[in-house]
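Chemist: A predicted structure for the sequence below; I have some questions about it.
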Amino acid sequence: MTENYKILSEFIKDMSSETPDIETYLFVKENISKYHLTINITSKALKNQMVEVCTTLKYEDKEASERRSYFEINYATVVKINEKMVDKKKLEKILLCNVQKDIYPRLEKALLNLIHDCGFQDVKFSKKVDFEELYKGKFN
């Protein structure tokens, strides 16, 4: 266990992709550079100082286009929190920053594998996610 937490397990809870037809596939193949990655993090307290953290990544077109593909992965992480950890702000930062930094390389790889396996091999995420910045932006 690090000083404040330990990841007990992590797994893909749900994975989804949709490209409804060949016309959509060809259109998306030309326009996938316009797609955006969004992240949503939720948590649920379990018993015995454990927390389930669900991180959802979506890669989708934000424009209201009839022809678009959709990619989503929901990744669950079970975290054991040090019983001495009582500060809610520190706990929040652990779940939203530290745990995310630990799991993100595997989560990003799983999403990219899904996208590539759906026929979009050229997709790469050049910009790395800075969970510290996201946290500061949300709570400051």
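Modeler: Cool, got the structure.

Chemist: buried residues in whichever strand in the chain runs longest?
Modeler: The longest strand of the chain (DSSP state E) is strand 5-18. Across strand 5-18, burial judged by 16 or more other Cβ atoms under 10 Å covers 5, 7, 10, 17. Heads up, the C-betas are built off the backbone N, CA and C, glycines and all.

Chemist: and it, what does it pack onto?
Modeler: Secondary-structure packing of strand 5-18 (3 or more Cβ pairs under 8 Å, 6 or more residues apart in numbering; DSSP states H and E): strand 70-81, helix 99-117.

Chemist: most tightly packed of the ones you listed?
Modeler: Across the helices and strands packed on strand 5-18, averaging neighbours per residue (mean count of other Cβ atoms under 10 Å) puts strand 70-81 on top, at a mean of 20.

Chemist: tell me what it is packed against?
Modeler: Other elements packing on strand 70-81 under the criterion 3+ Cβ pairs under 8 Å, 6+ apart are strand 5-18, strand 50-60, helix 99-117.

Chemist: and the helix or strand of the chain with the lowest mean pLDDT with helix 99-117, angle?
Modeler: Across the helices and strands of the chain, mean confidence by mean pLDDT, DSSP states H and E is lowest for helix 131-139: a mean of 78. Between helix 131-139 and helix 99-117, the angle comes out at 110 degrees (axes from the mean of the first three to the mean of the last three Cα atoms, to 10 degrees).

Chemist: could the helices and strands packed on strand 70-81 be laid out in CSV, adding mean pLDDT?
Modeler: Formatted as CSV, the helices and strands packed on strand 70-81 follow (pLDDT from 0 to 100):
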stretch, mean pLDDT
strand 5-18, 96
strand 50-60, 96
helix 99-117, 95
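
Chemist: including distance to F27, could the ones you listed go into TSV?
Modeler: What follows is these, written out as TSV (distance: least, Cβ to Cβ, whole Å):
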stretch	distance to F27
strand 5-18	14
strand 50-60	14
helix 99-117	16
